[in-house]
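A.B. asks: Here is my input; please provide its structure:
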Amino acid sequence: DLHSFPTRRSSDLEPVIPLGDAYSSERRYAEAEAIYKRVQEMAERASSDGSSHWFLSTANTRGRLLAIYRDSGRYADAEPIMRQTLAEIEQEVADGKTPEFQALHSPLMELADLLVDMNKPNEAEPIIRRALAMAEQADKNELFIDEVIGKDRLALGNLMFDANQFTEAEKHFRQAMQEAEQKDLNQKASAYDSLARLLSATNRPEEAEALFQRAIALVEGPGDSRNLSTALSDYAGFLQDRLRIDEAIHLHQRALALAEQSAGAQDNLELISPLNNLATALEGKKDYAEAEQLLRRSLRIAENGLGPDHPRVATRLSNLGKVLVGDNRATEAIPLLQRAVAIVEMSRPADNTDLTHPLSGLAEAMLNTGRLAETEALLHRALAIEEKAYGPENPVTATTYVNIGLTRAMMGDWAGAVDFQRRALPSLTGRAGNAKVGSRLGLSKATLKGRAEPLRYFASALYHADPNGAHLDESLQAAQWARQSEAGEALEIG
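C.D. replies: Next up, the predicted model:
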């Protein structure tokens, strides 16, 4: 019983912390957390004797709690610990006890990474900018300082990229690429890869493809196979968005083989993403059986390695549910998607964009089982998040407008169907901005691919809303747009 432990001697803590470590290594996080919290409480209460051992015990248990919270996806619990630690280091720097760059840079970037994982880019941005400025002003004799600056610059570029601030993102990517030109090959490849993704998102596919290929060439052969696996996966995603599915599958297979070779064990967490990426490409060819097998393996690894309630588990559940819906097994998909929604609701704020994917997937499953009222309610939840995060003309938001319109049409509400589908037109006809970068679904909706079907829905809704012909011209125009989109798909435009 931890409450019965004496608290006057520092040595009393010695056998307790390893017990918490053992629980943590077995992912028995609740038991480990209880031990660490009690030890921290004991250490803080006894610290009045001035013993450095008590101070170290407090710091060590705080670090252990932080590791538990990050590993189990409890980012909201991790954040205050990180901020408290950072504040204490800031005070030490202010007191002149430790140099600024060596003390603060890593904690700043760790907090920024956490905030990005929590989908709080506006809070992460000033922290990354501060860390980058600090690195740029540091002594150039600092060990690996050029590599640190390059990584910070890429991190800021990626944040701007995700915020659709493409001009600034491109500036950072090009500067990182130039700085790495005569230095680290892996960092140079990362800069090429990042810039290629931006060029792809800003409708410069020829330049993008050349850079993807250069990034792969840099890291092929001896070296870190993880960098090559990432470069192959990103290039495959580019090909996938342009309907070059067979080429994409080949690259995803190579990436997975490299990841398996590097990981060693069949249940290594490094395998989750390449398994998912290959499954997504196979889903595009309607090879649902193979995609399902890969996704179930990815889910099993995530559950065993991260615990059943981790946000990454929710993503695996959502993707598996989507494949089952595509395979006409919506009834099997619903409990998986409901579990995905519940996990994200536990770990994220109610307006977090991570919630939209499982909500939309669950809505699609409900639609396929005829549960129209529940479908519309789920889609409206997703829409409220998307309109706030992306705006009304973003392709991701437009997809939800289309789906609500389709649901209204199935309910017989043709006027409502026209209303929502009309809201999607700026995106469907190419007048909206780029999609949320980092979302392959959003990016594909920003190209000609995928527009024909929603435009046909809109043409049909217009006709049914007034069979007397009041919307005839608009209906014919929508039908013409749909035909143009089909032509684009046939030519693999976009």
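
A.B. asks: Give the closest residue to residue 230 in space, chain neighbours not counted.
C.D. replies: Setting aside the residues directly before and after it, residue 230 is nearest to residue 193 in space (C-beta to C-beta, 6 or more residues apart in numbering), at 7.2 Å. Yep, even glycine has a C-beta here, placed from its N, CA and C like the rest.

A.B. asks: scratch that, residue 74
C.D. replies: Spatial nearest neighbour of residue 74, chain neighbours left out: residue 347 (6.8 Å); criterion: C-beta to C-beta, 6+ apart.

A.B. asks: Just list the residues touching the one you found, thanks.
C.D. replies: 73-76, 309-311, 314 (C-beta atoms under 8 Å, 6 or more residues apart in numbering).

A.B. asks: And the helix or strand encompassing residue 230, what does it pack against?
C.D. replies: Taking DSSP states H and E as the criterion, residue 230 maps to helix 225-241. In terms of contacts (3 or more C-beta pairs under 8 Å, 6 or more residues apart in numbering; DSSP states H and E), helix 225-241 is packed against helix 185-201, helix 205-219, helix 245-263, helix 272-284, helix 440-445.

A.B. asks: circling back: check contacts around the residue nearest to residue 230.
C.D. replies: 211-212, 215, 230-231, 234.

A.B. asks: Can you name the two of the residues you listed that sit furthest apart?
C.D. replies: 211 and 230 (14.1 Å; C-beta to C-beta).

A.B. asks: which of those two has more neighbours?
C.D. replies: residue 211 (26 against 23; other C-beta atoms under 10 Å).

A.B. asks: quick check: angle from the helix holding residue 230 to helix 272-284?
C.D. replies: 20 degrees (axes from the mean of the first three to the mean of the last three C-alpha atoms, to 10 degrees).

A.B. asks: where does the stretch 301-450 of the chain dip in pLDDT?
C.D. replies: The model of the stretch 301-450 of the chain has pLDDT under 70 over residues 428-450.

A.B. asks: quick one, helices of it?
C.D. replies: 311-326, 330-347, 356-368, 372-390, 395-410, 414-428, 440-445 (DSSP state H, counting those that start in this stretch).

A.B. asks: CSV for those helices, including distance to residue 119?
C.D. replies: Output for the helices of the stretch 301-450 of the chain, formatted as CSV (distance: least, C-beta to C-beta, whole Å):
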stretch, distance to residue 119
helix 311-326, 10
helix 330-347, 11
helix 356-368, 11
helix 372-390, 9
helix 395-410, 14
helix 414-428, 22
helix 440-445, 15
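
A.B. asks: Could you pull out the buried residues of whatever helix or strand residue 293 lives in?
C.D. replies: Here residue 293, judged by DSSP H and E, is contained in helix 288-306. Buried residues in helix 288-306, counting neighbours by 16 or more other C-beta atoms under 10 Å, are found at 288, 291-292, 294-295, 297-299, 301-303, 305-306.

A.B. asks: Closest to residue 136 out of those?
C.D. replies: Ranked by distance to residue 136 (C-beta to C-beta), the buried residues of helix 288-306 are led by residue 306 at 35.7 Å.

A.B. asks: Isn't that closest one up against residue 314?
C.D. replies: No - using C-beta atoms under 8 Å, residue 306 makes no contact with residue 314, being 10.5 Å away.

A.B. asks: I'd say residue 81 and residue 65 touch.
C.D. replies: Yes - using C-beta under 8 Å, residue 81 makes contact with residue 65 at a distance of 6.1 Å.
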